[in-house]
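Enquirer: Here is a sequence together with a model predicted from it:
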Amino acid sequence: MAVDLNHTIVPSRNKRASAEFLAEILGLKAGPQWGPFVPVETANGVTLDYMDAEEFRALHFCFIVSEPEFDEIFGRIRERGLAYYADPGHREAGEINHLYGGRGVYFDDPDGHNMEVITAPYA
């Protein structure tokens, strides 16, 4: 039996703004509102369904992309003047990592969710 992730709910203070922020950085589109959600669909069909919430803990999301896509995404991060890091604890500011033969970067979304973009899966 194959098990695939279909969607996850991302709590947010402003679902539309947060969905559009992530979609813009990743070069995707935020979809039309569906029920209480604003979805952002990735290439493998998984949706991040943004939903308004008053209280929540910050979450972590990791996206794997090609080398050219990384260049485009990293360019958008820098163009927006976003703080970025080589590590999930945000100790290596202004750096990217080169783990497992690829490149990776961390940045926060408007709600404090820790977003990661990598070009090579971790072993």
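Expert: Perfect, I can see it now.
Enquirer: Spatially, what comes nearest to Ile118 if we skip its sequence neighbours?
Expert: Using CB to CB, 6 or more residues apart in numbering and skipping residues adjacent in sequence, the residue nearest Ile118 is Gly104, 4.1 Å away. From N, CA and C alone the C-beta is placed, and that goes for glycine too.
Enquirer: which ones are touching that neighbour?
Expert: Contacts for Gly104 were tallied using CB atoms under 8 Å, 6 or more residues apart in numbering; they are 86, 96-98, 116-119.
Enquirer: Return the set of residues that bridge with it.
Expert: Taking DSSP bridges as the rule, Gly104 bridges to Asn97, Ile118.
Enquirer: And the contacts of Gly104, which of them are buried?
Expert: Buried by 16 or more other CB atoms under 10 Å: 86, 96-97, 116-119, out of those.
Enquirer: hmm, back to that, could you check how far the residue nearest to Ile118 is from Val40?
Expert: Noted for Gly104: a distance of 20 Å to Val40, by CB to CB, to the nearest Å.
Enquirer: repeat for Ile73
Expert: Taking CB to CB, one finds Ile73 at 14 Å from Val40.
Enquirer: okay, and the common contacts of those two?
Expert: Overlap of the contact sets of Ile73 and Val40 (by CB under 8 Å, 6+ apart) consists of Leu26.
Enquirer: Setting the sequence-adjacent residues aside, check what's closest to Gln33.
Expert: Once flanking residues are discounted, Gln33 sits nearest to Arg16: 7.5 Å by CB to CB, 6+ apart.
Enquirer: residues touching the one you found, list them.
Expert: Contacts of Arg16 by CB under 8 Å, 6+ apart are 30, 33, 38, 50.
Enquirer: Just the CA atoms of the one helix or strand it maps to, as PDB, please.
Expert: Taking DSSP states H and E as the definition, Arg16 sits inside helix 15-26. Extracted in PDB, the C-alpha atoms of helix 15-26 (Å, rounded to 0.1, in the frame of the first residue of the first chain):
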ATOM      1  CA  LYS A  15      -4.300  33.100   5.900                       C
ATOM      2  CA  ARG A  16      -4.400  35.000   2.600                       C
ATOM      3  CA  ALA A  17      -1.300  37.100   3.300                       C
ATOM      4  CA  SER A  18       0.700  34.100   4.600                       C
ATOM      5  CA  ALA A  19      -0.300  31.800   1.700                       C
ATOM      6  CA  GLU A  20       0.600  34.500  -0.800                       C
ATOM      7  CA  PHE A  21       3.900  35.100   0.900                       C
ATOM      8  CA  LEU A  22       5.000  31.500   0.700                       C
ATOM      9  CA  ALA A  23       3.600  31.100  -2.900                       C
ATOM     10  CA  GLU A  24       5.500  34.100  -4.100                       C
ATOM     11  CA  ILE A  25       8.800  33.000  -2.500                       C
ATOM     12  CA  LEU A  26       8.500  29.500  -3.900                       C
END
